[in-house]
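Undergrad: Sequence plus predicted model, see below.
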Amino acid sequence: MELSPTIVVAFELGLILSGLAMLWRFALSPAGRASAAAPALPKWGISVVDFLLLLWSAIMGGILGQFLTLALLKLAAGSATDDTRQIVATVGLQFGLLGGFLAGNSLLPGLRAVPAAPPRARAARPLLAGGAVFLAAMPLVAAVSFVWEYLLDVLGLPVEKQELMDLFANPGSPGLLATMILLAIVVAPITEELVFRAGLFRFARGRLPRWAALLAPAVLFGAVHGNLASFAPLAVLGLVFSLAYERTGDIRVSMVAHGLFNLCTALLIFSGADV
């Protein structure tokens, strides 16, 4: 259902203004800077070997998940459209990554003793904290998107939407649409935050300079989505999520913020906005 461009612009402007208020409150004000100076995330005492085994477990889980879901689709439907196969493969990848990561975290001896953030340092209300992080990210993502698209245009490089965004706009069936919504708002935020923030960022944070530990997972997060136009905005989003995880010590905060961002993107697509 397409909405009036005025309504869409007002909604986006409201998010950006609210985000600027959150940025001032939690990052730019004296109180916000003081709070950011004392991160709640403890150092992760994991060996390099155990961490590589954890990544291997997650990657193998993703490969196996894709293989099994596509095989089941072939058995159940015989033939399927390219869009259906892409959605099913994405579902298998996400659930496989999640299962592999959780299995590795449970089975590897070096990971069972990973210390959690002290209860008093964890965000007492991850839903509210995640909402604040989501809002704070919006003006940054909007600004970077504008500059990034301008640079791509100047360089003559293509600015194309992610294929999954086109699938959201034209899902083909209610079942596929429901699957994509569940994947985008629930499964992907959980999986990607565990892998990129609770995995890659936390590992790098104790072994690299802080700027490199923040930048490397964010760049990888933007790159794995496989779309040049969204690379820089998603990298900035990943950077914000890492900062939120570092500051709160609670991965649920970045999961909630990630889910809200994907929900907002889906709503804008349904509204007919060009995102």
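TA: Thanks, I have it. Residues are numbered from 1 along each chain as shown.

Undergrad: so where does Leu220 fall, helix or strand?
TA: Assigned by DSSP states H and E, Leu220 belongs to helix 210-223.

Undergrad: May I ask which helix or strand of this structure has the lowest mean pLDDT?
TA: Least confident helix or strand of the chain, by mean pLDDT, DSSP states H and E, is helix 109-112 with a mean of 59.

Undergrad: returning to that earlier point: which outside residues touch the helix holding Leu220?
TA: With contact meaning C-beta atoms under 8 Å, 6 or more residues apart in numbering, helix 210-223 is reached by 192, 196-197, 200-201, 204-205, 207-208, 230-239, 242-243. Placement of C-beta: from N, CA and C, glycine included.

Undergrad: can you rerun that using 10 Å?
TA: 39, 192-193, 195-197, 199-209, 228, 230-243, 246 (C-beta atoms under 10 Å, 6 or more residues apart in numbering).

Undergrad: ditto for stretch 11-30
TA: 3, 31-33, 35-36, 129, 131-143, 240, 243-244, 247, 264, 267-268, 271, 273, 275.

Undergrad: from these, which ones fall inside helices?
TA: Counting by DSSP state H, the contacts of stretch 11-30 place 31-33, 35-36, 129, 131-143, 240, 243-244, 247, 264, 267-268, 271 in helices.

Undergrad: Show me how to select, in PyMOL, the buried members of those residues.
TA: In PyMOL, a selection of the buried entries from those looks like this (16 or more other C-beta atoms under 10 Å):
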select buried, resi 32+129+131+132+133+134+135+136+137+138+139+140+141+142+240+243+244+247+264+268+271
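
Undergrad: Show me which residues of the helix holding Leu220 are buried.
TA: 213-219, 221-222.

Undergrad: how about the helices in the stretch 1-150 of the chain?
TA: Read by DSSP state H, counting those that start in this stretch, the stretch 1-150 of the chain holds these helices, from start to end of the chain: 5-23, 30-36, 48-77, 82-107, 109-112, 126-154.

Undergrad: Identify the structural domains in this protein and state their residue ranges.
TA: Listed domain ranges for the chain are 5-44+126-172+186-271, 45-114 (source: automatic domain parsing).

Undergrad: Point out the most buried one among these.
TA: Highest mean neighbour count of these: domain 5-44+126-172+186-271, a mean of 18 (counted as mean count of other C-beta atoms under 10 Å).

Undergrad: what's the spacing between that one and its chain's center?
TA: Remark: domain 5-44+126-172+186-271 is offset 7 Å from the chain centroid, using C-alpha atoms, centre = their mean, to the nearest Å.

Undergrad: for stretch 31-45, same thing?
TA: For stretch 31-45, the distance to the chain centre is 21 Å (C-alpha atoms, centre = their mean).

Undergrad: Start and end of that stretch, how far apart?
TA: Using C-alpha to C-alpha, to the nearest Å, the end-to-end distance of stretch 31-45 comes to 31 Å.
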